[in-house]
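1. when you get a sec, could you give me coordinates for this:
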Amino acid sequence: MPYRRTTRFVIAPDGSRVAWHTHFGNLREVTADAELARRPTVLLTNGIGSSENFWRYLVGNLEQDHRVVHWNYRGHGSSDESLGDGYQIPVHVGDLERVTEAVMARGDGRPPHHVAFSMGVRVLLDLYRRRPDLVPSMTLIAGAPGAFGSGVDTAAARAFLSAARAVLKLATPTLPLAVPVAHAVMASRFAYPLGRMVGALRARAPRADIDEFMYALRRMSPRAYWYSLRGMVEGHAWDVARTVEVPTLIVAASNDLLVPLGEMERMRDIMPHAHWMRVDDAGHAGLLEAGAEIADAVRVFLVDHGLEAPRPPV
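-> Coordinates of the predicted model:
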């Protein structure tokens, strides 16, 4: 869906431009910055490959009385491909750090409430490790502190992760051959029913939104996607999750095949102060399948913790 938003960039040390977008809803663009600066900020961090329409319910709910910002990983959306530093998790964390500082500088100077989806959960938790002063509160949606099996010191978990890393590394040379095939599948009329058939999409997943996601995925850098995927299986932030003390909302989808409910429950169990929301009949695309429910839950969380927009005078 088209947004009314302003796009700006931060420049990484290697020269890569990383895009961030400020939603201004019904405001006039020429005066939006001044009006938005008085509002509390919500900063959205994507999952790998996800398109901005995944946020449409949250943006629609919050943009009228909050300053809502989302940003793009390298090689995603309006951001450059990486010019030198690659796509490892620490690189994304550094980019989020710079985006957060830029967002604060153009706002009221206070750090935002962070909302992270999928891989964004790992990135956000590692930002909390590096700069806890930039993360006063967080919402973690359908994402764990690491790849499946990480943070568990067992022979089976180590073997699984080692095999996953080896497979991804061995498959890298085939990327030029695999990309045209993947694009053909994503562009076909079978992509949506295939997702439904394998259980990746629930019946209430809006087809138009999934088509938009597939289109955005076809346009993004295959190299950025693949090397970000490889980066996800290196390291983890389970140790960080145990130390989080700021207000936190965890949102899990009961039918998520990519981040199983058990992984989300494991994160909840080591973060006993966190608020917990389980969304039924939703999978990894829960931000679209149950978007209104999740947006309402985020707003309630913000209100409960005094993070909501100031009420107008009576």
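
2. show the backbone phi and psi for the residue positioned nearest the centre of the chain.
-> By CA atoms, centre = their mean, the chain has its centre lying nearest to residue 46, at 2.4 Å. Note on residue 46: backbone dihedrals following degrees, to the nearest 10 are phi -70, psi 170.

3. from here on, count from 461
-> I'll keep to 461 as the first residue from here, and by that count the last item is residue 506.

4. nearest residue to it in space, please, no chain neighbours.
-> Spatial nearest neighbour of residue 506, excluding adjacent residues (CB to CB, 6 or more residues apart in numbering): residue 580 at 5.6 Å. Every C-beta, even on glycine, is put in place using the N, C-alpha and C of the backbone.

5. next: residue 469.
-> Nearest non-adjacent residue to residue 469 (CB to CB, 6+ apart): residue 477, at 4.4 Å.

6. what's the answer for residue 481, then?
-> In space, not counting the residues next to it along the chain, residue 481 is nearest to residue 465; the distance is 4.5 Å by CB to CB, 6+ apart.

7. give the contact list for the residue nearest to the centre of the chain.
-> 512, 514, 530, 531, 532, 533, 536, 577, 578, 579, 580 (CB atoms under 8 Å, 6 or more residues apart in numbering).

8. and the pLDDT at the fourth one?
-> This means residue 531. Here, the pLDDT recorded for residue 531 equals 98.

9. and the closest residue to it other than its chain neighbours, which helix or strand is it part of?
-> Spatial nearest neighbour of residue 531, chain neighbours left out: residue 480 (4.0 Å); criterion: CB to CB, 6+ apart. Element membership for residue 480 (DSSP states H and E) is strand 477-483.

10. return the set of buried residues in stretch 546-557.
-> Residues 546, 547, 548, 549, 551, 552, 553, 554, 555, 556, 557 are the ones in stretch 546-557 that count as buried (16 or more other CB atoms under 10 Å).

11. let me know the closest of those to residue 756.
-> Ranked by distance to residue 756 (CB to CB), the buried residues of stretch 546-557 are led by residue 556 at 25.8 Å.

12. low-confidence ranges in the stretch 661-774 of the chain?
-> 769-774 (pLDDT under 70).

13. can you pull out the strands in it?
-> Using DSSP state E, counting those that start in this stretch, the strands of the stretch 661-774 of the chain run over residues 708-713, 735-739.

14. let's have these in a markdown table, adding mean neighbour count and distance to residue 620.
-> Output for those, formatted as a markdown table (neighbours: other CB atoms under 10 Å; distance: least, CB to CB, whole Å):
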| stretch | mean neighbour count | distance to residue 620 |
| --- | --- | --- |
| strand 708-713 | 24 | 21 |
| strand 735-739 | 18 | 25 |
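
15. show me what the strand holding residue 480 is packed against.
-> Judged by 3 or more CB pairs under 8 Å, 6 or more residues apart in numbering; DSSP states H and E, strand 477-483 is in contact with strand 465-471, helix 489-496, strand 527-531, helix 549-566.

16. quick one, which of these is nearest to residue 721?
-> Per CB to CB, nearest to residue 721 of those: helix 549-566, 23.4 Å.

17. now do that closest one: everything it contacts.
-> Here helix 549-566 has contacts from 468, 470, 472-473, 478, 480, 482, 493, 497, 501, 503, 505, 529, 531, 533-534, 542, 545, 570-572, 574, 582-584, 586-587, 590-591, 594, 688, 691-692, 694-695, using CB under 8 Å, 6+ apart.

18. pull out the buried residues from the residues you listed.
-> 468, 470, 472, 478, 480, 482, 501, 503, 505, 529, 531, 533-534, 542, 545, 571-572, 574, 582-584, 586-587, 590, 594, 688, 691-692, 695.

19. in helices, which of these fall?
-> 582, 583, 584, 586, 587, 590, 688, 691, 692 (DSSP state H).

20. of the residues you listed, which is the nearest to residue 768?
-> Distance to residue 768 across those (CB to CB) is lowest for residue 584, with 20.6 Å.
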